[in-house]
Structure formats: structure tokens, C-alpha cells
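> Any chance you could fold what I've pasted below:
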Amino acid sequence: MAVLQQPVVNGNVFAELIGDDLAPAGTYVATVIDVRDEFGVQRQKFQSTEIETVDLTTFLFGFRDAQGYEHRVASRRMKISGNEKAALFAFLKCLLGRAPQYGWDYMAVKGAQCLLTVEHVTKRDGTGVFAAIAALSPVPAGFGQPAPTAPAPAPRPAAVAPMAGAAYPAPARPMAGPRPLNAPPVGPVAGVRPMAPSVAPAAAVPANDPLPF
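Residues are numbered from 1 along each chain as shown. Next comes the predicted model:
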């Protein structure tokens, strides 16, 4: 007897939105476009042949590359679990920058922005690569804004008038031209006594004295 089994779904739930587009590798500012939950999904347990029924969720991100082209990339399907060791818990912690609170509806992240790092991973069958999320984090404050310019230099202060009583060097006196070697000094020299004349002055002659010739 043949029993019709429900197929085990392992594909990307956003395949119809992504299409054949291969998102470029790199880090971009991305937006959470959609979040899709699946309930009662049968899948094979990790490293086991046993089939389990779980509830899964997947996040879809969109971003533009340096040329302005739009791209989409989806997260892997994660089990809806609040366990701190669960993939969904770690994923939301990276997305929010903090641990999510219990009882919080993670659908609220739709429209939120984050820094998303895309990597290319080789497919299991070796037929090519696909775009996967390598890391994500909140957008830092001020990210993408131009750096502040250096302030203009302060104007130089205007010339200040001399203050009363301030000592300033006397202006330089103009240099005189060359003097003859035998020229008498212009004025008394500080610290030097004037020399007596070498010839005694003539005696005074009375006015009624006859001339000697």
C-alpha cells in the first residue's frame, strides 16, 4: 500500500519575489520588506532521518547597490522559538542590537533598516551560488552622512595701540654721512672729558696799546 505523504518543503518562500536575481556580495543599508510565517511545516531534523513538524519564519530584505539597482535577499527559514540558543533569537538580537523581549511581535520590524552583509554560498549540488545573509546589525547613528568640515580659521586680531607707560624701543636714528678724520666731535661724548686746546689763547691787548710794528 502506498501512502501519500506531505512533501517536505526546504525551498525559499520568497523565491517568486527574488526570481533569478543574484544579490551582489557586500555590506549595504537594507530594509525589512516582509516577514512570512509558516505553521505545521514538516522537515527533516538536522543530521537525522526523522521528520518533525515545526513553525518557521523567514525575513525578506531589499537594498540598492552602488549603481542604484534594487536587489532582494531572504534569510534562511528559522524555527519560531524563544529559546536563547535558537537561530531566530540570535537573528533578532543582531537585527535589533539587543535581545528581543518575550511577548513582542517581531512582525513590527517590517520597514526597519539595518546594515546587511551579503555573501555568495555554493549550492549543495554544486550547480552555482546563491546570496545568503552573512551578518546584520542596526544602522549606526549618523551613518552615511557627510563628515563635518573643519571650521574656518579665526581672523587675526587688529593692531592694538600702544598702552600708556609701555616701554617700546626708540626709533632708529638715521645714519650720518662720513666725517673727515680731523673733524671735531659734534658734541660731548658721555664719559670723555674735553681736551684742553694745545695752543694757549692770545693775551688781551688794550685798545690804546700801540701795535708792536
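
> Next up, the contacts around residue 45.
By CB atoms under 8 Å, 6 or more residues apart in numbering, the contact set of residue 45 is 51, 52. (Each C-beta comes from the backbone N, C-alpha and C, glycine too.)

> partner strands of the longest strand seen in the chain, parallel or antiparallel?
The strand that spans the most residues within the chain, counting by DSSP state E, is strand 26-44. Using DSSP bridges, the strands paired with strand 26-44 are strand 51-64 (antiparallel), strand 113-122 (antiparallel).

> Show me the contact partners of the helix or strand that the shortest one is followed by.
In the C-terminal direction, the helix or strand that comes right after strand 113-122 (DSSP states H and E) is strand 129-137. The contact list for strand 129-137 (CB under 8 Å, 6+ apart) reads 22-25, 30, 61, 71, 73, 75-76, 91, 94-95, 97, 114-123.

> ok, now how distant is residue 52 from residue 41?
Counting by CB to CB, to the nearest Å, the gap from residue 52 to residue 41 is 9 Å.

> quick one: which of the two has more around it?
residue 41 (18 against 12; other CB atoms under 10 Å).

> which sections of this structure are below the confidence cut-off?
Low-confidence segments of the chain, defined by pLDDT under 70: 1-11, 144-145, 147, 158-213.

> in it, which helix has the most residues?
helix 87-96 (DSSP state H).

> tell me which residues in that one are buried?
For helix 87-96, the neighbour count (16 or more other CB atoms under 10 Å) marks 88, 91, 92, 95, 96 as buried.

> Is it correct that the first one is in contact with residue 77?
No: using CB atoms under 8 Å, residue 88 is not in contact with residue 77, being 9.9 Å away.

> shared neighbours, the two?
The contact lists of residue 88 and residue 77 share residue 57, where a contact means CB under 8 Å, 6+ apart.

> burial measure for residue 119, as a count.
Residue 119 has 15 neighbouring residues, counting by other CB under 10 Å.

> quick one: it and residue 24 touch, right?
No: the criterion here is CB under 8 Å, and residue 119 misses it with residue 24 at 10.4 Å.

> Tally up the residues packed near the nearest residue to residue 91 once chain neighbours are set aside, please.
Once flanking residues are discounted, residue 91 sits nearest to residue 78: 6.2 Å by CB to CB, 6 or more residues apart in numbering. Look at residue 78: counted by other CB under 10 Å, it has 19 neighbours.
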